[in-house]
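Trainee: fold the following and give me the result.
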Amino acid sequence: MERQRLDKWLWHARVVKARTSAAALVEAGHVRINGVREKAPGHAVKIGDVLTIALDHSVRVLKVTGFSERRGDATAARVLYDDLQNHKE
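Mentor: The predicted model follows:
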């Protein structure tokens, strides 16, 4: 798998609790891919893309590092991205 739908990836990476919530988050304009606002839940993300996600009380910056066929537990979700906010220079 080289690409995955944005809403599906957000759900598999456990950024949101439901795929419908992921789609709503994207449609509301709260997700940027490589700095560009994306409003289509079906937009394909690829490995290396940097997602900036505005959530209720925080902003997460995640780099896509993998894909999953199905939603797994938190440990499985963690290998799908690098959290760029936790990298101290």
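
Trainee: going forward, measure contacts between C-alpha atoms and count neighbours the same way
Mentor: OK.

Trainee: any stretches of this structure with poor pLDDT?
Mentor: The model of the chain has pLDDT under 70 over residues 87-89.

Trainee: that one: helices as residue ranges?
Mentor: Assigned by DSSP state H, the helices in the chain fall at 6-12, 19-27, 74-78.

Trainee: just put these in CSV and tack on distance to A44 and mean neighbour count.
Mentor: CSV is the format used below for the helices of the chain (distance: least, Cα to Cα, whole Å; neighbours: other Cα atoms under 10 Å):
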stretch, distance to A44, mean neighbour count
helix 6-12, 6, 25
helix 19-27, 12, 19
helix 74-78, 18, 14
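
Trainee: between those helices, which one is nearest to H43?
Mentor: Among these, helix 6-12 comes nearest to H43, with 5.6 Å by Cα to Cα.

Trainee: out of the helices of the chain, flag the one nearest I53.
Mentor: Closest approach to I53 among the helices of the chain is made by helix 19-27 (8.6 Å; Cα to Cα).

Trainee: right, and L51 touches N34 too?
Mentor: Yes: when contacts are counted by Cα atoms under 8 Å, L51 is listed as touching N34 (6.3 Å).
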